[in-house]
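Asker: heads up, no residue letters with this:
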């Protein structure tokens, strides 16, 4: 049995349109399913906890996937993704087709693959955990009125760029202490820390291009010691992962990460705000089965 969770609001209504395509395809193929529609924040998490067995299909964006994964803690229920958000970074990392029918066929005929997840403060994240400037931008994007109309004209990624420059005007870097697998280090003037399970976030930015998602490790990107102007100049490189060669960018790899800071830094996971520093992050290998 297929249990389908649909966020009709994903991508400013894209989820509803994609569901119509998927529904028609399922009926044509005479496949049994049960559909659930999310009605509020974190509703997908609650829905998943009521589903017993079978395969869960998610029609939504990274935020909806984040909710579903947090409802599957401790379970091995396979999950299929049909992208319907503005970013779809998880789908991009796994080469899931953006075409709804192709994504559905992959679920119906594809093989399961086990991927890692990151655990932070009782939450599970599957793409990237962002700290500091990153977290503030995610907070601004989620509250942005422009995100809605930019999604309508298929420029949803531009919402992130607009928010970056909005936050840039007032954000102040802070000093941090970071411990990776027992190795402690103090770093000053830190703009952001990205802890990645997969390479992409914010609609295709390759913040940690070498993150694998199935190797039992998390990749870290620490941006520090930059002036505001240097930050602006370095920013475009993140779209292709070229920022990693910048002398003010520190790349690390580990399984257990602890971060504290001189001033509390906002933290997001998969684009959803989940708290602030201090934080502890662990990787759980092959904790999620994706079709």
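Answerer: Nice, thanks for sending it over. Quick caveat, the model's predicted, so the values are computed rather than measured. Numbers count the residues shown, from 1 in each chain.
Asker: So what touches the helix ranked longest in the chain?
Answerer: With DSSP state H setting the assignment, residue counts place helix 14-29 as the longest helix in the chain. The set of residues external to helix 14-29 that reach it, using C-beta atoms under 8 Å, 6 or more residues apart in numbering, is 2, 4, 6-9, 33, 35, 57, 59-61, 64, 82, 84-85, 100-101, 104, 108, 151. All C-beta spots, glycine's among them, are computed from the backbone N, C-alpha and C.
Asker: Quickly list the domain ranges of the chain.
Answerer: Under the assignment automatic domain parsing, the domains of the chain span 2-110, 123-285.
Asker: for the last one, the distance to its chain's centre please.
Answerer: Computed by C-alpha atoms, centre = their mean, to the nearest Å, the separation of domain 123-285 from the middle of its chain amounts to 11 Å.
Asker: For it, the averaged confidence score.
Answerer: Across domain 123-285, pLDDT averages out at 90.
Asker: Ends of that domain, what's the gap?
Answerer: 15 Å (C-alpha to C-alpha, to the nearest Å).
Asker: Stretch 117-133 now?
Answerer: In terms of C-alpha to C-alpha, the two terminal residues of stretch 117-133 are separated by 23 Å.
Asker: And it, what's buried?
Answerer: Of the residues in stretch 117-133, 117-120, 123-133 count as buried by neighbour count, 16 or more other C-beta atoms under 10 Å.
Asker: Where do the helices of the protein begin and end?
Answerer: 14-29, 43-49, 62-71, 89-93, 100-109, 133-143, 146-152, 156-168, 228-234.
Asker: Buried residues in the first one, which are they?
Answerer: By that I understand helix 14-29. Neighbour-count burial for helix 14-29 flags 14-16, 18-19, 22, 26 (criterion: 16+ other C-beta under 10 Å).
Asker: May I have the beta-bridge partners of the residue lying closest to residue 238 once chain neighbours are set aside?
Answerer: Residue nearest to residue 238 in three dimensions, not counting chain neighbours: residue 205, with 4.8 Å by C-beta to C-beta, 6 or more residues apart in numbering. Per DSSP bridges, residues listed as beta-bridge partners of residue 205: residue 201.
Asker: Check whether residue 48 really touches residue 65, as I assumed.
Answerer: No: Residue 48 is beyond contact range of residue 65, at 11.0 Å (criterion: C-beta atoms under 8 Å).
Asker: Neighbour count for those two, which is higher?
Answerer: residue 65 (28 against 23; other C-beta atoms under 10 Å).
Asker: nearest to residue 210, of the helices of the chain?
Answerer: Closest approach to residue 210 among those (C-beta to C-beta): helix 89-93, 12.3 Å.
Asker: average pLDDT for that closest one?
Answerer: On average, helix 89-93 scores 95.
Asker: For it, which helices and strands make contact with it?
Answerer: Judged by 3 or more C-beta pairs under 8 Å, 6 or more residues apart in numbering; DSSP states H and E, the packing partners of helix 89-93 are helix 62-71, strand 79-83, strand 200-201.
Asker: Just list what the first one packs against, helices and strands only.
Answerer: Here helix 62-71 is seen to pack against helix 43-49, strand 55-60, strand 79-83, helix 89-93, strand 123-125 when contacts are counted using 3+ C-beta pairs under 8 Å, 6+ apart.
Asker: Can you give me the buried ones in the longest strand seen in the chain?
Answerer: What stands out as the longest strand in the chain, according to DSSP state E, is strand 183-196. Across strand 183-196, burial judged by 16+ other C-beta under 10 Å covers 187, 190-196.
Asker: swap in stretch 203-213?
Answerer: Residues of stretch 203-213 classed as buried by neighbour count (16+ other C-beta under 10 Å): 203-209, 211-213.
Asker: need those residues in TSV with distance to residue 243, can you?
Answerer: What follows is these, written out as TSV (distance: C-beta to C-beta, whole Å):
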residue	distance to residue 243
203	16
204	14
205	9
206	9
207	8
208	10
209	9
211	14
212	19
213	20
